[in-house]
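Colleague: structure of the sequence below:
(chains A and B)
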Amino acid sequence: MKNFSNTYTFIYISGVVVVTAALLSFIAEELRPLQQRNLEIEKKQDILRSVGKAVIPEGVKNKNLYIEEEFVKYFSSGIVVNNKGEVVEGRDAFEITKNLKAEFSRPDDQRGLPLFIYEKEDGSVKYVIPMTGKGLWGQIWGYLALNEDFNTIYGAVFDHAKETPGLGAEINQKWFQQEFSGKTLFDNAGKFVSVMVMKGGADPSNPHAVDAISGGTITSKGLEAMLRENLKPYETYFKQAKIKSDE
Amino acid sequence: MSEKEPLFSSKNLKLLREPLNDSNPITVQVLGICSALAVTVQLKPSVVMALSVIAVMAVSNVAISLLRNTIPPRIRIIIQLTVIAAMVIIVDQVLKAFAYEVSKQLSVFVGLIITNCIIMGRLEAFAMGNKPWPAFLDGIGNAAGYGVILIIVAFFRELLGSGTIWGFKVVPEAIYQAGYVNNGLMILPPMALITVGIIIWVQRSSNKKLFEK
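Modeller: Now for the predicted structure:
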């Protein structure tokens, strides 16, 4: 076996690392626009899914294009509100949704709260709220569709970056998300209580609780916190909008 | 070797063929079982996983083989890991850009190709001591041997567990109405292990070279 000097070894490993790093950065930069577009499409698809609208009919060749078109068709009217219940002009709901985490870190009174409005064929209106939070290993996010009463959940979609497969990762499964339909965010006295994710199972008659995932306690708790923290700022807007619609 | 060896000499072809059966990484060497259990619920992610491993394995094998005479032996494992990790990141990035949904299904397991012992094993055992072309064939052969088992396991798991192949329904509705139900256990990892076990059994009882005396 050949003998290599220490200097050679150091130079060699440095060279390998520099070449590898340059190659990886170049590839990551080149592919970024494509990846970002995939993420946008996914967000649009999730928003459509929260109101049960993302079934791609057979024979659609360009899936991405189809989702873009559907999104424009059903969700052209997104608004941005603030925590005082006012509608903020000049900001785009989807632009905020693209980087919700950054928006989250702004001071409460400057935060834009995106709200997507969907008109169903039967004339009823659903409101979709994008959410972001922390699971066990990374980011989790979701979209909650509410009925016109700003209280009853119509549908929910959740997803995650890197939760444990089979445990916390189950939040993106239908069986878990279906539990949320029909649950309510406010109690009878009109107080905001959000939806709890109960370890050990929720009483089915409880309108503010769903079953947690066995083995996914921290993800479940993270999801519960995400619901509470993301929905709370909308409270004022919901109450004012409800009074307006009751009048 | 002074005279030129043909590209597909019998010796080279053996490198390609042997890992598919006689020295299969999963069923004979019992390597890479972990990912074989995890990604084989459906056929599509298994095929993508197999292709990813083939790409990583072939390129890393060639790269290490080209560098083999310059690598200081004391840091060879580090160099091997750097090459594998770089390849895996590239594959992951490409999947995220061009096959986003499959990359989500594979989730952490693409990243875990780095720890797949088949790859390190081949780099250390073969690429460090052979020329690029045989190393390339050895890489393709071993990764394909891994991929073939993945695909066989996924075929049965998806068929019996979900009644579909490649996402298409193949079990007719009439059979369900006659009382047939999908086997939920097939979706879970234990059945992958049992399926691999059955494949090993079938292989051992049919391949004379593997008979134990």
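Colleague: make sure B:Arg204 is actually in contact with B:Leu210.
Modeller: Yes. Counting by CB atoms under 8 Å, B:Arg204 does reach B:Leu210; the two are 5.0 Å apart. (Glycine included, C-beta is placed from N, CA and C.)
Colleague: which stretches in the chain count as strands?
Modeller: Since no chain was named, I'll use chain A. Counting by DSSP state E, chain A has strands at residues A:78-81, A:87-88, A:113-119, A:125-134, A:139-146, A:153-160, A:196-198, A:209-211.
Colleague: oops, wrong one, chain B.
Modeller: For chain B, applying DSSP E gives strands covering B:164-165, B:168-169.
Colleague: okay if I get the strands of chain A as TSV plus distance to chain B?
Modeller: As requested, those are exported to TSV (distance: least, CB to the nearest CB, whole Å):
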stretch	distance to chain B
strand A:78-81	23
strand A:87-88	32
strand A:113-119	22
strand A:125-134	17
strand A:139-146	13
strand A:153-160	9
strand A:196-198	22
strand A:209-211	19
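Colleague: now the ones you listed as JSON lines including mean neighbour count?
Modeller: Shown next, in JSON lines, are the strands of chain A (neighbours: other CB atoms under 10 Å in any protein chain shown):
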{"stretch": "strand A:78-81", "mean neighbour count": "21"}
{"stretch": "strand A:87-88", "mean neighbour count": "14"}
{"stretch": "strand A:113-119", "mean neighbour count": "21"}
{"stretch": "strand A:125-134", "mean neighbour count": "21"}
{"stretch": "strand A:139-146", "mean neighbour count": "23"}
{"stretch": "strand A:153-160", "mean neighbour count": "23"}
{"stretch": "strand A:196-198", "mean neighbour count": "20"}
{"stretch": "strand A:209-211", "mean neighbour count": "20"}
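Colleague: follow-up on the earlier one: quick one, which of the strands of chain B gets closest to B:Val110.
Modeller: strand B:164-165 (22.9 Å; CB to CB).
Colleague: so what touches that closest one?
Modeller: B:42-43, B:155, B:158-159, B:170-171 (CB atoms under 8 Å, 6 or more residues apart in numbering or on different chains).
Colleague: before we move on, back to that, output the strands of chain A in JSON lines; the columns should cover mean pLDDT.
Modeller: Formatted as JSON lines, the strands of chain A follow (pLDDT from 0 to 100):
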{"stretch": "strand A:78-81", "mean pLDDT": "88"}
{"stretch": "strand A:87-88", "mean pLDDT": "88"}
{"stretch": "strand A:113-119", "mean pLDDT": "91"}
{"stretch": "strand A:125-134", "mean pLDDT": "93"}
{"stretch": "strand A:139-146", "mean pLDDT": "94"}
{"stretch": "strand A:153-160", "mean pLDDT": "93"}
{"stretch": "strand A:196-198", "mean pLDDT": "90"}
{"stretch": "strand A:209-211", "mean pLDDT": "92"}
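Colleague: export these as a markdown table, with columns for distance to B:Pro19.
Modeller: Compiled in a markdown table, the strands of chain A are given as follows (distance: least, CB to CB, whole Å):
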| stretch | distance to B:Pro19 |
| --- | --- |
| strand A:78-81 | 54 |
| strand A:87-88 | 62 |
| strand A:113-119 | 52 |
| strand A:125-134 | 43 |
| strand A:139-146 | 40 |
| strand A:153-160 | 36 |
| strand A:196-198 | 47 |
| strand A:209-211 | 46 |
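Colleague: may I have the helix or strand bottoming out on mean pLDDT in chain A exported as PDB, CA atoms only?
Modeller: Between all helices and strands in chain A, the lowest mean by mean pLDDT, DSSP states H and E belongs to helix A:235-246, at a mean of 84. C-alpha atoms of helix A:235-246 as PDB (Å, rounded to 0.1, in the frame of the first residue of the first chain):
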ATOM      1  CA  GLU A 235     -61.300  35.600  16.200                       C
ATOM      2  CA  THR A 236     -62.200  39.300  16.000                       C
ATOM      3  CA  TYR A 237     -62.700  39.100  12.200                       C
ATOM      4  CA  PHE A 238     -64.900  36.000  12.600                       C
ATOM      5  CA  LYS A 239     -67.100  37.600  15.200                       C
ATOM      6  CA  GLN A 240     -67.500  40.900  13.300                       C
ATOM      7  CA  ALA A 241     -68.200  39.000  10.000                       C
ATOM      8  CA  LYS A 242     -70.800  36.900  11.800                       C
ATOM      9  CA  ILE A 243     -72.600  39.900  13.200                       C
ATOM     10  CA  LYS A 244     -72.600  41.400   9.800                       C
ATOM     11  CA  SER A 245     -74.100  38.300   8.200                       C
ATOM     12  CA  ASP A 246     -76.700  37.900  10.900                       C
END
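Colleague: quick one: it to strand A:139-146, angle?
Modeller: On the basis of axes from the mean of the first three to the mean of the last three CA atoms, to 10 degrees, helix A:235-246 is oriented at 20 degrees to strand A:139-146.
Colleague: now, the contacts of strand B:164-165 that are in helices?
Modeller: B:43, B:155, B:158-159 (DSSP state H).
Colleague: who in chain A is up against chain B?
Modeller: Applying CB under 8 Å from any CB of the partner chain, we find that chain A lies next to chain B at A:1-2, A:4, A:8-9, A:12-13, A:16-17, A:20, A:23-24, A:27-28, A:31, A:34-35, A:38, A:41-42, A:162, A:165, A:169.
Colleague: where in chain B is pLDDT low?
Modeller: Flagging of chain B using pLDDT under 70 yields the residue ranges B:1-4, B:107, B:212-213.
Colleague: enumerate the residues of it near chain A.
Modeller: Applying CB under 8 Å from any CB, we find that chain B lies next to chain A at B:38, B:69-75, B:78-79, B:82-83, B:86, B:89-90, B:93-94, B:96-98, B:100, B:107-108.
Colleague: in chain A, mark out all the helices, start to finish.
Modeller: Using DSSP H, the helices of chain A run over residues A:6-50, A:63-74, A:93-98, A:100-104, A:174-178, A:217-231, A:235-246.
Colleague: who are the packing partners of the first one?
Modeller: Packed against helix A:6-50, as judged by 3 or more CB pairs under 8 Å, 6 or more residues apart in numbering or on different chains; DSSP states H and E, are the following elements: helix A:63-74, helix A:93-98, strand A:125-134, strand A:139-146, strand A:153-160, helix B:76-98, helix B:100-106.
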